[in-house]
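Student: Provided below for reference: sequence and predicted model.
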Amino acid sequence: MTEKIIGIDLGTTNSEVAVVENGRVTVIDITPGCPILPSFVGLADDGSILVGEPAKNQYVLYPERTIKSIKRQMGSADRVEMGDAAYTPQEISAIILRRLKAIAEAHLGEPVRKAVITVPAYFSDAQRQATREAGEIAGLEVMRIINEPTAAALSYEANHQDHKKVLVYDLGGGTFDVSVVGIEDNVVEVLASHGNNHLGGDDFDAKIVAHLVEHLKTQGADPSGSRRAMARITRAAEIAKITLSDQPYARIEEEYLLEKAGAPVNLALELAREDYEAMIAGYLDETLEAVHIALKGANLTVSAIDEVLLVGGATRTPVITERLEQDLGLTVRAEVNPDLCVATGAAIQAGTLAGEEVSAVLVDITPYTFGTSAFGELNGSPYPFTYAPIIHKNTPIPVTKSDVFYTMHDNQSTVKISVYQGEDSDALNNIPLGEFMVENLSKAPAENPIIIQFALDLNGIMQVTAREKKTGLEKSIRIDNVLTQFQEGELETARSRISALFAHGETLEGPAAGAAAGATEHQRTAQARALVEKAERLLDRATEDDREEMVNLIEAVKDALAVNDFAALAAPMAELSDLLFYLES
């Protein structure tokens, strides 16, 4: 039996441990349902060692006997105080590693002696040696020290035969770095790195904390002198940040936070995502500047980058993806859990060293973007059907995401919610999945907020809900099989071919004729759009002659759709269906 080698992400804020089992990577739970161990070490009242969540919980109240972010001091000669004793950074890191080792042993039911441990790409030789020493103190033989961006790339590309240049954007709780990574013939090499080891999600929390403290000061209460109050505010800020990753608003409530003149002071306010994004904009500007410094260090331009990978829990903030995609013009990949992908990559490297066959990481993702339509701007002009994505392509599922939209007129009593699947910025060029009306809205001025939520499960069932924020008035629909509706290209091609055959020859009698005619228009429009979308996807696979013919037929279908000339759709749809059929076969 092959001796297991574990992979460890020894992080500034959080740490994880993973292992390859039966060819697949398992990130091991620290507690049931949670694979993340906060990188905190402390002493309890009775002198016993606390590691992880218990140590984190006591940090604000007892900082003199709790240590966090020890990774920043690795490689230095500093000693840190904890209780009445002083410890080296290696010793504190070893306590975290020993805890992870014990968790892995309990999971595997066997002793663990060997590990692969990750470090930032910018770590010096002294810092790497200190990490190796920490492993040895914890009772581990460190088989390999690998760079975190290398591990992240491995988690996405377990079997990497392609030649790629990848940008790894790593924003954790306490550190930020961006690396340019080259992947070629199973070799992953860091070409350049840049970052700031004092910038991360904790700084985002601090912005919210400052906002909450200022809010309390306007009520005549200053919590900054109370450790207990600041501990509660800090935890509330972190929860609000996490909520705003998926929701447009976060409600922050802490009862009896302080006392003022013998009366309780309660914290209650709402934080909007757009206000939070404004708070952290300066930090994001700094990270984007670092991206271009790293590219310059690798002697590459943006056009040479094939993919952008997100690493670190702080990257769940939606504006980070938006800013990166705007700045680089590339679609960001985030289908592997950003908190766990470094540990996953470490385990893949560990499994390879142990001689195990390692398969690619399996993640359930949505292959499509889902969204709604709203009045916005398209090609520089106002347009009533601008596509507003809510769940983006390649998002891990199950997932729930929401965004806020606004009414256009004073006293607007109804809104129509349309649901689409596709990538086009014009919603009408995407595939319609359903629609519903929300009626009897309250009489309010224009810009009355309406929150739209999409919830997609593993079975492809999507629940779409629209809620008036002011009153809680809510309406929803359920859409089945959104993941499989157009997944089988041959099915849609065949359906379009058969529909085209009946365009002129099928005759219905009696009451059914009128109903069928009404249904045909809607179905024909959906089929035509699906056919066009598929044809555009397959253009690159066609020969030059076929491509030219396909482009002409696509234009003919679009022209007919533009004027609702369903009779004119038949011929180009049939020809295009034939072309796609032969192209696929």
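Tutor: Ah, there it is.
Student: Spell out, range by range, the helices that occur in the chain.
Tutor: All helices of the chain, identified by DSSP state H, fall at 53-59, 89-108, 125-137, 148-156, 201-218, 227-243, 273-279, 281-297, 318-328, 341-353, 489-501, 512-538, 544-562, 566-584.
Student: Can I get those helices in JSON lines including distance to Leu167, mean pLDDT and mean neighbour count?
Tutor: In this view, the C-beta of every residue, glycine as well, is placed from N, C-alpha and C. Output for the helices of the chain, formatted as JSON lines (distance: least, CB to CB, whole Å; pLDDT from 0 to 100; neighbours: other CB atoms under 10 Å):
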{"stretch": "helix 53-59", "distance to Leu167": "31", "mean pLDDT": "92", "mean neighbour count": "18"}
{"stretch": "helix 89-108", "distance to Leu167": "29", "mean pLDDT": "96", "mean neighbour count": "21"}
{"stretch": "helix 125-137", "distance to Leu167": "23", "mean pLDDT": "92", "mean neighbour count": "18"}
{"stretch": "helix 148-156", "distance to Leu167": "9", "mean pLDDT": "87", "mean neighbour count": "27"}
{"stretch": "helix 201-218", "distance to Leu167": "20", "mean pLDDT": "95", "mean neighbour count": "18"}
{"stretch": "helix 227-243", "distance to Leu167": "24", "mean pLDDT": "92", "mean neighbour count": "18"}
{"stretch": "helix 273-279", "distance to Leu167": "22", "mean pLDDT": "97", "mean neighbour count": "16"}
{"stretch": "helix 281-297", "distance to Leu167": "7", "mean pLDDT": "96", "mean neighbour count": "16"}
{"stretch": "helix 318-328", "distance to Leu167": "8", "mean pLDDT": "94", "mean neighbour count": "17"}
{"stretch": "helix 341-353", "distance to Leu167": "14", "mean pLDDT": "93", "mean neighbour count": "27"}
{"stretch": "helix 489-501", "distance to Leu167": "31", "mean pLDDT": "55", "mean neighbour count": "17"}
{"stretch": "helix 512-538", "distance to Leu167": "25", "mean pLDDT": "62", "mean neighbour count": "16"}
{"stretch": "helix 544-562", "distance to Leu167": "31", "mean pLDDT": "88", "mean neighbour count": "15"}
{"stretch": "helix 566-584", "distance to Leu167": "33", "mean pLDDT": "80", "mean neighbour count": "18"}
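Student: So which of these is nearest Gly376?
Tutor: Closest to Gly376 of the helices of the chain is helix 318-328 (CB to CB; 14.8 Å).
Student: So which elements touch the closest one?
Tutor: Counting by 3 or more CB pairs under 8 Å, 6 or more residues apart in numbering; DSSP states H and E, the packing neighbours recorded for helix 318-328 are strand 164-171, helix 281-297, strand 307-311, strand 332-333.
Student: from the middle of its chain, how far away would that helix be?
Tutor: 12 Å (CA atoms, centre = their mean, to the nearest Å).
Student: Need the CA coordinates for that helix. CSV is fine.
Tutor: Output in CSV follows, covering the C-alpha atoms of helix 318-328 (Å, rounded to 0.1, in the frame of the first residue of the first chain):
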residue,chain,number,x,y,z
PRO,A,318,-18.1,40.4,-7.5
VAL,A,319,-16.5,43.8,-8.4
ILE,A,320,-13.1,42.0,-8.5
THR,A,321,-14.2,39.8,-11.4
GLU,A,322,-15.8,42.8,-13.1
ARG,A,323,-12.7,45.0,-12.7
LEU,A,324,-10.3,42.2,-14.0
GLU,A,325,-12.5,41.4,-17.0
GLN,A,326,-12.8,45.1,-17.9
ASP,A,327,-9.1,45.8,-17.5
LEU,A,328,-7.8,42.6,-19.2
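Student: how much does it deviate in direction from helix 281-297?
Tutor: 40 degrees (axes from the mean of the first three to the mean of the last three CA atoms, to 10 degrees).
Student: let's number from 43 now, not from 1
Tutor: Sure, I'll start numbering at 43, so the last one becomes helix 360-370.
Student: Could you chop the protein up by domain?
Tutor: 47-240+330-395, 412-521, 531-626 (automatic domain parsing).
Student: for those domains, which one sits closest to Ile294?
Tutor: For the domains of the chain, the distance to Ile294 is smallest for domain 412-521, at 16.1 Å, taking CB to CB.
Student: ends of the closest one, how far apart?
Tutor: For domain 412-521, the first-to-last residue distance is 12 Å (CA to CA, to the nearest Å).
Student: same deal with stretch 259-279?
Tutor: By CA to CA, the extent of stretch 259-279 from end to end equals 16 Å.
Student: isn't Val210 right next to Thr357, touching?
Tutor: No - under the criterion of CB atoms under 8 Å, Val210 makes no contact with Thr357, lying 10.7 Å away.
Student: and those two? which has more neighbours close in?
Tutor: More crowded of Val210 and Thr357, by other CB atoms under 10 Å: Val210, with 29 against 24.
Student: Leaving out sequence neighbours, find the closest residue to that one.
Tutor: Pro191 (3.9 Å; CB to CB, 6 or more residues apart in numbering).
Student: Could you check how far that neighbour is from Gly413?
Tutor: Pro191 sits 31 Å away from Gly413, going by CB to CB, to the nearest Å.
Student: chain center to stretch 216-225: distance?
Tutor: 17 Å.
Student: Next, format the helices and strands packed on helix 360-370 as a markdown table and append distance to Ile91.
Tutor: Below are the helices and strands packed on helix 360-370 laid out as a markdown table (distance: least, CB to CB, whole Å):
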| stretch | distance to Ile91 |
| --- | --- |
| strand 206-213 | 29 |
| helix 323-339 | 34 |
| strand 349-353 | 30 |
| strand 374-375 | 39 |
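Student: Quick check: which of these is nearest to Asp219?
Tutor: strand 206-213 (5.3 Å).
Student: The closest one packs against which elements?
Tutor: Using 3+ CB pairs under 8 Å, 6+ apart, strand 206-213 is in contact with helix 190-198, strand 218-226, helix 323-339, strand 349-353, helix 360-370.
Student: closest one to Gln569 among these?
Tutor: Nearest of those (CB to CB): helix 360-370, 30.9 Å.
Student: Got phi/psi on Phe240?
Tutor: No Phe there; residue 240 is His. Dihedral pair for His240: phi -130, psi 40, per degrees, to the nearest 10.
Student: how about it, what does it touch?
Tutor: 114, 216-217 (CB atoms under 8 Å, 6 or more residues apart in numbering).
Student: Now neighbour count, distance to Thr373 and pLDDT too, for the residues you listed, in TSV please.
Tutor: What follows is the contacts of His240, written out as TSV (neighbours: other CB atoms under 10 Å; distance: CB to CB, whole Å; pLDDT from 0 to 100):
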residue	neighbour count	distance to Thr373	pLDDT
Arg114	16	33	87
Gly216	23	28	84
Thr217	26	25	86
